[in-house]
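Trainee: Sequence plus the predicted model coming up.
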Amino acid sequence: MPSKREGYLLILGILVLIIIVSVLAFSIPYDDPLTLIVRLFALYGFLFLSIATIMTPFLKEITKLFGKPFIKIHHIFAVFGLASATIHPVTYSIQAQNILVFIPSFASWYDFWSLAGRPALPIIYVALIAVLLRNQIQNYWRPVHALMYIVLFFGIVHGNLIGTDFQNIVILIIFNSLFGAAIVTFILKRLQQYQLKKRRSRKNI
């Protein structure tokens, strides 16, 4: 449980965001429940993976807020995001009765990017494997795990081009803002690493 009031407020804010996204998704007409499930898990996948990514520059702050190691909190959101991002295409393949929905399309430039969620899925698992093997590949796992930013880029392009829910202006703003925040935290994380490296080099002088 969160150890501070701010931690509870953060959890509440995330829950409110999930509820808003869910209500808006339900408000968009759908032909059958499976279609809604496909759409919802696409949204949840991007939402949870974005949150997991956005919190990475704030290790100390997240630990203080929740009274638990940052990595545990980070992994909770990452697991939900990974599961949702996997359920989305699996459910769609069942609905379409076509396993080819997992294969990237190179028929045209537009086809590749409109279906960019397809190459995003295996990249997610490559990033996951990098974390699982971090003790064996200590010098390489971080750059490989950073492929999550590519996953988010593919996901937001895919959503903007053909996402049914992105026709709703509120969802459009929320998810593009999440991606924008992820990019800002990517830059912030790189600056933190640069400053840390700089401090270490000064100590060695």
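Mentor: Looks like it came in fine.

Trainee: any idea how far residue 173 lies from residue 189?
Mentor: Look at residue 173 and residue 189: by Cβ to Cβ, to the nearest Å, they are 24 Å apart. No exception for glycine: its C-beta is placed from N, CA and C like everyone else's.

Trainee: Enumerate every residue touching the residue nearest to the spatial centre of the chain.
Mentor: Nearest to the mean C-alpha position of the chain, by Cα atoms, centre = their mean, lies residue 49 at 2.1 Å. By Cβ atoms under 8 Å, 6 or more residues apart in numbering, residue 49 lies in contact with 77, 78, 81, 82, 85, 124, 148, 151, 152, 155.

Trainee: of those, closest to residue 178?
Mentor: Nearest to residue 178, judged by Cβ to Cβ, of the contacts of residue 49 is residue 152 at 8.2 Å.

Trainee: Pull out the buried positions in the lengthiest helix in the chain.
Mentor: In the chain, taking DSSP state H as the definition, the longest helix is helix 169-203. The neighbour-count criterion (16 or more other Cβ atoms under 10 Å) identifies 171, 174, 175, 178, 179, 182, 185, 186, 189 as the buried residues of helix 169-203.

Trainee: what about residue 163, how many neighbours?
Mentor: 22 (other Cβ atoms under 10 Å).

Trainee: If you could redo that for residue 121, that was the one I meant.
Mentor: 20.

Trainee: list the contacts for it?
Mentor: Here residue 121 is in contact with 85, 86, 89, 102 (Cβ under 8 Å, 6+ apart).

Trainee: Look up the closest residue to the first one, ignoring the ones flanking it.
Mentor: Across the structure, with Cβ to Cβ, 6 or more residues apart in numbering as the measure, the residue nearest residue 85 apart from its sequence neighbours is residue 45 (3.3 Å).

Trainee: where in the chain is pLDDT low?
Mentor: Applying pLDDT under 70 to the chain flags the ranges 1-4, 202-205.

Trainee: Just the helices from it, written as ranges.
Mentor: Using DSSP H, helices in the chain cover 5-27, 33-54, 59-66, 70-96, 109-114, 117-132, 141-145, 148-162, 169-203.

Trainee: which helices and strands sit right next to the shortest one?
Mentor: Right, the one you point to is helix 141-145. Packing contacts for helix 141-145, counted by 3 or more Cβ pairs under 8 Å, 6 or more residues apart in numbering; DSSP states H and E, involve helix 117-132.

Trainee: Could you do the last one as well?
Mentor: Of the remaining helices and strands, those touching helix 169-203 by 3+ Cβ pairs under 8 Å, 6+ apart are helix 5-27, helix 33-54, helix 148-162.
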